[in-house]
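>>> Please work out how this folds:
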Amino acid sequence: MPTRKLQHYILGGFHESPGEGVPVFDPYTGEEVARVSGEGLDFGAILEYARQGGQALRRLSFAERGRILRALAEHLSQSKEALYEASHTAGATRKDAWYDVDGGIGVLFSYASLARNLPEGGLLPEEEYLPLSKDRSFQGRHVLVPKEGVTVQINAFNFPVWGLLEKFAPAFLAGVPTLAKPATPSAQVAARLVEQIHASRLLPEGSLQVVYGGLEGLWGRLSYQDSVFFTGSQATALRLRGVLPPEVLFNAETDSLNAALLGRGVTEPLLHRFAEEVFRELSIKAGQRCTAIRRVLVPKERVEEVAEAIVRRLSTLRAGDPREEATTLPPLVSLRQKEEVGRVVEALLKAGASLLYRHPVDDGAFFPPTLLLAQEPFQRAVHTLEPFGPVATLVPYETLEEAVALANLGGGSLVATIATEDLEEARALVRGLAPHHGRLHLLNHRTAEPSTGHGSPLPRLLHGGPGRAGGGEELGGLLAVKRHLQRVALQADPESLTALLGEHAWGAEKPAGVHPFRKYYEDLEVGETLTTHRRTVTEADIAAFANLSWDHFYAHTDELAARESLFGKRVAHGYFVLSAAAGLFVDPAPGPVLANYGLESLRFLEPVGVGDTLQARLTVKSKRPRDERTGVVAWDVEVVNQEGKPVAVYTILTLVQKRP
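Sure, this is the predicted structure:
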């Protein structure tokens, strides 16, 4: 039976390229499992299809896109076994595939949850309104809007599922269509994922297309509205920068020589936990992770002890068929990758590194887990050559300053681990390493158990790094979404800004004809304002609140001490002011407002004393849907005294029922 040629997922369906294509082999069995051909692709038509699809995608709100991502995650969760099976043909054990498959699905869930906190519509306001005139009749604000182009996403071979989904999710949530290009050595796994995505029928047409093979003929068709997100080697990233039009956004996540640094302030248990972390990074995916530990920095006097702890763990690895549960050391993704790692190790040895340990393995695509020692810590090769496999180099240091200098010789890294129980040492290391790394992972007795590990990027935290690591922001919650949005400074009158952005601008108030607590979510208008009746504060109010709350702070209860305070008199509790304001604006009867959801940005601006009269102004600030039955409404509250001076301002959040 001829090997299956992978079909591109383009133009609304599956299409096969002509030609024999490039063979893809199972690294354990050596069998050909697929063929990849990129011949005959019409990138003009592919991009146009995506741009047309982008129009429909942008018409969806953040919440609607988030619900689609959640539904897709749930769909893929039901068919993970097929992805696990496909992963074995790329040399991944079940544990390795868990990081890839479940990790990718987890990213979809994470960005679906993130959507619940974003505004209605597809515009994302930033910061606050900026007054541009004294009377605030002219204001400005920064706003993020979806670009009208396509994001081309080029993925690495080591995570064919996670790599595709972690780039796709933030782009989709931003409203930008994706054209993905998986790496050839594991393209058969990505193809299985794409088949499952297509079977879900969840994605709007054109929001995701996937091609295999080369991308010749694409670059000249991209414009300033498009972007390229790349994961891979630094050398390939540099070549791409050279062929891309300068106006195209290029986001790179490239190989980096990540370090794990053992401080002097360590206990015996922490030293062994540190050794376990290094071992994990050498064994998971056979060390084929862009975040894997390549350099192990340890105090000079503890090199032998650390080496022994790591080697003891490496000696337990069992090479074999990744389909077998007992296998803890799978092959590399291909024989070519094995040759590449071997060349780098030989170069390190020739540059002066010595061999501390090499694990015995079978032939084929297996590479022996290897531990080297840098005889000359500042030798350049150790900090510039990356063996992308189960290889790490011990680098001894004498002082903390030297340790920082050695770690930073990597020229910019994705992540570094700092292991120490000494907080002063940790502080010095964080200050020294932070400018050169995208993520710092602190290991001590408090994090030993809950830590997600050195090499595991999390959807809500930055995945990227400066310098050699590429300078990108591939993950990081909203950071990754914002990479696909265009920032624009919007200047207008309050009414226009409120209407355009869906968030109240001061000066755009509209008197409420009906108490807003009597309205369903859909019926509330942003800017709708209720001005309440008044209440005069009495001495009995302050005394009663002190007794009720048990807050007997002197400024509220001690007449003599209060006179000598900065207030010059007894004043009401700040939280009494909040409670009194709620009494003024809350409609007590049952209605669509279901619950208080939170309070934000509280400021007490003026003291309130006996005889002061309070009045509240309640304005619908913004709305965002929560689920099919409810939405969250943010209300601006301003409490003023008898002179019209604001005494307190804040935002409250309420859960409001949608119309049945």
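>>> neighbours around the nearest residue to residue 420 once chain neighbours are set aside, how many?
Sequence neighbours aside, residue 263 is the residue nearest to residue 420 in space, at 3.1 Å (criterion: C-beta to C-beta, 6 or more residues apart in numbering). Every C-beta, even on glycine, is put in place using the N, C-alpha and C of the backbone. Counted with other C-beta atoms under 10 Å, the burial measure for residue 263 works out to 23 neighbours.
>>> Same check on the one 5 residues further on?
One way to gauge burial is a neighbour count; for residue 268, by other C-beta under 10 Å, it gives 8.
>>> Check the one 3 residues further on too.
Neighbouring residues of residue 271 were enumerated by other C-beta under 10 Å; the total is 17.
>>> Pull the contacting residues for it.
262, 302, 305-306, 309, 419 (C-beta atoms under 8 Å, 6 or more residues apart in numbering).
>>> In terms of helices and strands, where is it?
helix 268-283 (DSSP states H and E).
>>> neighbouring contacts of the helix or strand following that helix?
Moving toward the C-terminus from helix 268-283, the first helix or strand encountered (DSSP H and E) is strand 293-299. By C-beta under 8 Å, 6+ apart, the residues outside strand 293-299 that reach it are 257-264, 277-278, 281-282, 306, 310, 382-383, 386-387, 391-398, 403, 406-407, 410, 417, 454-455.
>>> how about residue 197, secondary structure?
helix (DSSP: H, G, I helix; E, B strand; the rest coil).
>>> Can you give me the distance of it to residue 68?
To residue 68, residue 197 is 11 Å away according to C-beta to C-beta, to the nearest Å.
>>> so what sits against both of those two?
residue 203.
>>> which residues does residue 618 form a beta bridge with?
For residue 618, the beta-bridge partners are residue 530, residue 637 (DSSP bridges).
>>> As PDB, could you dump the C-alpha coordinates of stretch 638-646?
C-alpha atoms of stretch 638-646 as PDB (Å, rounded to 0.1, in the frame of the first residue of the first chain):
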ATOM      1  CA  GLU A 638     -19.200  58.700  42.400                       C
ATOM      2  CA  VAL A 639     -20.200  59.800  45.900                       C
ATOM      3  CA  VAL A 640     -20.300  63.500  46.400                       C
ATOM      4  CA  ASN A 641     -20.900  65.800  49.500                       C
ATOM      5  CA  GLN A 642     -23.100  68.800  49.900                       C
ATOM      6  CA  GLU A 643     -20.600  71.000  48.000                       C
ATOM      7  CA  GLY A 644     -20.600  68.600  45.000                       C
ATOM      8  CA  LYS A 645     -17.000  67.400  45.800                       C
ATOM      9  CA  PRO A 646     -16.400  63.700  45.200                       C
END
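>>> Tell me which residues touch the residue nearest to residue 420, please.
299, 400, 403, 418-420, 422, 425-426, 429.
>>> would you turn the residues you listed into JSON lines with distance to residue 567?
Written out in JSON lines, the entries for the contacts of residue 263 read as follows (distance: C-beta to C-beta, whole Å):
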{"residue": "299", "distance to residue 567": "56"}
{"residue": "400", "distance to residue 567": "49"}
{"residue": "403", "distance to residue 567": "53"}
{"residue": "418", "distance to residue 567": "47"}
{"residue": "419", "distance to residue 567": "51"}
{"residue": "420", "distance to residue 567": "47"}
{"residue": "422", "distance to residue 567": "45"}
{"residue": "425", "distance to residue 567": "45"}
{"residue": "426", "distance to residue 567": "42"}
{"residue": "429", "distance to residue 567": "46"}
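>>> ok, of those residues, which come out buried?
Among the contacts of residue 263, those buried by neighbour count (16 or more other C-beta atoms under 10 Å) are 299, 400, 403, 418-420, 425-426, 429.
>>> Least confident secondary structure element in this structure?
Least confident helix or strand, the chain: helix 559-563 with a mean of 83, by mean pLDDT, DSSP states H and E.
>>> In this structure, where is pLDDT below threshold?
Counting by pLDDT under 70, the ranges of the chain that qualify are 1-3.
>>> Let me know the outermost residue of it.
Most distant residue from the mean C-alpha position of the chain: residue 560, 54.4 Å away (C-alpha atoms, centre = their mean).
>>> shouldn't residue 494 be in contact with residue 510?
No. The criterion here is C-beta atoms under 8 Å, and residue 494 misses it with residue 510 at 11.1 Å.
>>> Mark which of the buried ones among the contacts of residue 263 are part of strands, please.
Of these, the ones assigned to strands by DSSP state E are 299, 418-419.
>>> Just give me the residue closest to the centre of this protein.
Mean-position check on the chain, C-alpha atoms, centre = their mean. Result residue 476 at 2.5 Å.
>>> List the contacts of that one.
460-464.
>>> can you pull the buried residues of the least confident helix or strand of the chain?
In terms of neighbour count (16+ other C-beta under 10 Å), helix 559-563 has its buried residues at residue 562.
>>> so residue 73 sits in a strand?
No. Counting by three-state DSSP, residue 73 falls outside a strand, being helix.
>>> Identify the bridge partners of residue 603.
Beta bridges link residue 603 to residue 649, judged by DSSP bridges.
>>> Is it correct that it is in contact with residue 649?
Yes. Between residue 603 and residue 649 there is a contact under C-beta under 8 Å: 5.3 Å.
>>> more crowded one of these two?
Shown here are residue 603 and residue 649; by other C-beta under 10 Å, residue 649 has more neighbours (16 against 10).
>>> returning to that earlier point: what sits against the residue farthest from the centre of the chain?
So residue 560 contacts nothing (C-beta under 8 Å, 6+ apart).
>>> about what we covered before: tell me the phi and psi of the residue nearest to residue 420?
phi -80, psi 180 (degrees, to the nearest 10).
>>> ditto for residue 183
Dihedral angles (degrees, to the nearest 10) for residue 183: phi -70, psi 140.
>>> Could you report the neighbour count for it?
22.
>>> Please apply the same query to residue 231.
Other residues lying near residue 231 total 27 when counted by other C-beta under 10 Å.
>>> quick one: strands adjacent to the helix or strand containing it?
Here residue 231, judged by DSSP H and E, is contained in strand 227-232. Strand 227-232 sits in its sheet next to strand 151-154 (parallel), strand 249-254 (parallel), going by DSSP bridges.
>>> could I have the last one exported to PDB, CA atoms only?
What follows is strand 249-254, C-alpha atoms only, in PDB (Å, rounded to 0.1, in the frame of the first residue of the first chain):
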ATOM      1  CA  LEU A 249       5.600  41.800  11.800                       C
ATOM      2  CA  PHE A 250       8.000  38.900  12.600                       C
ATOM      3  CA  ASN A 251       7.600  37.100  15.900                       C
ATOM      4  CA  ALA A 252      10.400  34.600  16.600                       C
ATOM      5  CA  GLU A 253      10.800  32.000  19.300                       C
ATOM      6  CA  THR A 254      14.200  30.400  18.600                       C
END
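>>> Pull out the buried residues from the helix or strand where residue 541 lies.
Using DSSP H and E, residue 541 falls within helix 539-549. Going by neighbour count (16+ other C-beta under 10 Å), the buried part of helix 539-549 is 541-542, 545-546.
>>> ok, residue 496 to residue 490 distance?
9 Å.
>>> what about the two, which has more around it?
The neighbour comparison of residue 496 against residue 490 (other C-beta under 10 Å) goes to residue 490, with 17 against 14.
>>> Phi and psi next, for that one.
Dihedral angles (degrees, to the nearest 10) for residue 490: phi -100, psi 130.
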